[in-house]
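Enquirer: When you get a sec, could you give me coordinates for this:
(chains A and B)
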Amino acid sequence: MSDLMEIAIRRGFFWQSFEIYGGIAGFIDYAPLGNNLRRKIENIWRKYFVIEERAVEIDCPNIGIEEVFIASGHVSSFNDVAIECENCGRIFRADHYIKEKLDIEVDPSIEAVKEAVEYYQMKCECGGKFKDPTPISLMFKTTIGPGKGKVGYLRPETAQGMFINFTRLLHYFREKLPFGVAQIGRAYRNEISPRQGVIRLREFNQAELEYFVDPKFKRHEKFEDVAEDVVSLVDKFDVLHRIKLREAVERGIVAHELLAYFIGRTRRFLLDIGIKDEKLRFRQHKDDERAHYAADCWDAEVLTSFGWIEIVGIADRTDYDLKRHSELSGEDLSVFIPYPEPIKIKKKKVVAKMEKIGPTFKQKAKKIAEKLENVEPKDFVEVEVDGEKIKLTSEFFDVVEIEEELTGERIVPHVIEPSFGLDRISYAVLEHAFDKDIVDGEERKVLRLKRSVTPIEVAVLPLLSREPFTTKSLEIYSFLKTEGFYVEYDDSGSIGRRYRRYDEIGTPFCITVDHQTFEDDTVTIRDRDTTKQVRVSCKKLAEILRILLSTNKDIEEFGPRFR
RNA sequence: GCGCGGGUAGUCUAGGGGUAGGACAACGGCUUUCCGAGCCGUUAGCCCGGGUUCGAAUCCCGGCCCGCGCACCA
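Expert: Numbers count the residues shown, from 1 in each chain, chains lettered A, B, ... in the order given. Take a look at the predicted model:
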């Protein structure tokens, strides 16, 4: 186990779920420190992707009904067919295997695969025969209600909640694009073989933003804020670019400004929570790698001890989801977009002469008139009523020229989706923060977490574990709690030992109550990264800590150096 | 899911058919005027189930978990 994971488990960032029963792969518990870390990361995410956008946050059920995932395509595309070798036991994805061996496309259904395997007498690479094909589903299925109930699934992404509430959300935003809707929550995928601790989970935490736009305007009014940012882009041909986002759009590496904007925002966010720029890149999905709904997709990847791992996906989902939900639910999920100026169109139109049609066609007259509304004007026209074709000469209608005014059009918005894997992000933040250095000839393990994400912000430590140091320290500890800090009190062991304890979990500041405290009501603040100390007045302590925790200021700005 | 290797205290580890040893951590006390000091004490362990055996943590089988490779990761 790595030094970091040893700390993460021992000190309480992550624990194996169900440990006393032997545990199960693909599930972790957030221990006290890890939970706090993730919450803080979530709050910074909210700032970047909800508060600073024209966006809102919602919260939908983790269980969805079958219809939702039939429409989204997950029920079918999450149901792969597997074939297993009788001899060596290897399992292959049937459609991939058949494509590879025979270069034929086969429908990924049990029947089609079975037929193909039998017809071509397919054998495993080891020479063994295949058992009958079996489905493998990554969807967690459940039953809603008693008895047979209704089929439900644990959601494989939070995104669908935003799509199925589209009409309500559109109304909430007073019928105007663009707008964003975010959701932070759990999602579930019944992975075949989860590995690598927090990297691949069966239940995981997502933060997703669905940004609905007019497909003709895939731009963002704040693009200029990030346009000059230099990012590492690996395009779908595996070419690495170190390039300004503006240039990446101009050169067509990134499809449009809106994707580039979210790449920029994502990078800024990740740097803000402590991801290292030199260990961050954005990689474009290859054509055969994209999800069934995506037109273009860029992943944020970070370098960790597991190699480059994907932590964010920024996809252009186009109108795929809204169209599918519209088709299957029968709801209109389009937006009316008014033109800047109404467009006037002159056109010729057929108008029925009822005084002629009525007597001639009797009961059919009304239906014929309705059909005539949409007929191209000619000398004579033909309409079909109840399967009967009826020709009408010009005596039955007039052709008049009318002027129509079009005030706008209805469109189905496109969706740009930045989707964040919070578990992997939290883990990567820890890895990028982990460091060892030498203090007074002794190795020190330290988490150099950004002040804004650190689970314990301040530790209050009596220099000596006895009166009056302890009582005074406890007073300061209580006071800082009422001031809203995440603060710990610790009087166990020597002062040096305690400093190391807090270095190890990334606490940026330690407050020490020493002899001088009782002379002039001052304490020292120790900086985790430099181990420097300054002396400040107790009265100003809360204010100073608040500034320190929300900025990168040096403690030496707040008091004279001590030791 | 397959193959290989592994699972001993909170963590790391020694040993191994006959009462399981250490280090670090944690806790209590003494000590202690600023970076893992010292002394005394305490808590705490053979992944789970079955089999073989007088006796299993040790051997065998199965399961679970971890690591690596293959496959999977929409």
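
Enquirer: from chain A, which residue is nearest to RNA strand B?
Expert: Nearest residue of chain A to RNA strand B: residue A:496, at 2.2 Å (C-beta to the nearest atom of the strand). Every C-beta, even on glycine, is put in place using the N, C-alpha and C of the backbone.

Enquirer: Looks to me like that residue is in a helix.
Expert: Yes: per DSSP: H, G, I helix; E, B strand; the rest coil, residue A:496 lies within a helix segment.

Enquirer: which residue packs closest to residue A:424, ignoring adjacent ones?
Expert: Nearest non-adjacent residue to residue A:424, counting by C-beta to C-beta, 6 or more residues apart in numbering: residue A:311, 4.6 Å away.

Enquirer: How many residues are close by the one you found?
Expert: 26 (other C-beta atoms under 10 Å).

Enquirer: again with residue A:253
Expert: Neighbours of residue A:253 (other C-beta under 10 Å): 19.

Enquirer: Now do the same contact list for it.
Expert: Counting by C-beta atoms under 8 Å, 6 or more residues apart in numbering, residue A:253 makes contact with A:233, A:235, A:241, A:243, A:284.

Enquirer: Do you know the pLDDT at the residue of chain A closest to RNA strand B?
Expert: Model confidence at residue A:496, given as pLDDT, is 94.

Enquirer: What's the local residue count around it?
Expert: Counted with other C-beta under 10 Å, residue A:496 comes out at 11.

Enquirer: repeat for residue A:239
Expert: 10.

Enquirer: Give me the phi and psi for it.
Expert: When read as degrees, to the nearest 10, the backbone of residue A:239 gives phi -90, psi 130.

Enquirer: any idea how far it is from residue A:232?
Expert: The gap separating residue A:239 from residue A:232 is 11 Å, by C-beta to C-beta, to the nearest Å.

Enquirer: can you check residue A:492 too?
Expert: 45 Å.

Enquirer: Make sure I have this right: residue A:106 is in a helix.
Expert: No: counting by three-state DSSP, residue A:106 is not part of a helix but coil.

Enquirer: picking that back up, neighbour count winner among residue A:492 and residue A:232?
Expert: Taking neighbours as other C-beta under 10 Å, residue A:492 and residue A:232 compare with residue A:232 leading, 17 against 9.

Enquirer: Residue A:158 - nearest residue in space that isn't next to it in sequence?
Expert: Closest to residue A:158 by C-beta to C-beta, 6+ apart is residue A:183, at 4.2 Å.

Enquirer: Can you name the residues of the stretch 151-300 of chain A sitting close to RNA strand B?
Expert: A:156-157, A:189, A:191-197, A:200, A:289-292 (C-beta under 7 Å from any atom of the strand).

Enquirer: Spatially, and excluding backbone neighbours, which residue is closest to residue A:286.
Expert: Nearest to residue A:286 is residue A:236, by C-beta to C-beta, 6+ apart, at 4.8 Å.

Enquirer: what's the one you found in contact with, if anything?
Expert: Going by C-beta under 8 Å, 6+ apart, the list of residues near residue A:236 reads A:284-287.

Enquirer: Show me what residue A:188 is bridged to.
Expert: residue A:203 (DSSP bridges).

Enquirer: correct me, but it touches residue A:62?
Expert: Yes: if you go by C-beta atoms under 8 Å, residue A:188 and residue A:62 touch, sitting 7.4 Å apart.

Enquirer: Tell me which of the two has more neighbours.
Expert: residue A:188 (20 against 17).

Enquirer: contacting residues for that one?
Expert: Residues near residue A:188 by C-beta under 8 Å, 6+ apart: A:62, A:140, A:154-156, A:202-204.

Enquirer: can we see that at 10 Å?
Expert: A:26, A:62-63, A:138-140, A:153-157, A:201-204 (C-beta atoms under 10 Å, 6 or more residues apart in numbering).

Enquirer: which of those residues tops the neighbour count?
Expert: residue A:155 (27 neighbours).

Enquirer: my read: that residue touches residue A:163, true?
Expert: No: using C-beta atoms under 10 Å, residue A:155 is not in contact with residue A:163; the gap is 11.7 Å.

Enquirer: what's the overlap in contacts for these two?
Expert: A:68, A:72.

Enquirer: give me the beta-bridge partners of residue A:406?
Expert: residue A:343.

Enquirer: Show the contacting residues for it.
Expert: Counting by C-beta under 10 Å, 6+ apart, residue A:406 has contacts A:338-339, A:342-345.

Enquirer: From the residues you listed, which shows the smallest pLDDT?
Expert: residue A:345 (78).

Enquirer: Now it: phi and psi?
Expert: phi -120, psi 130.
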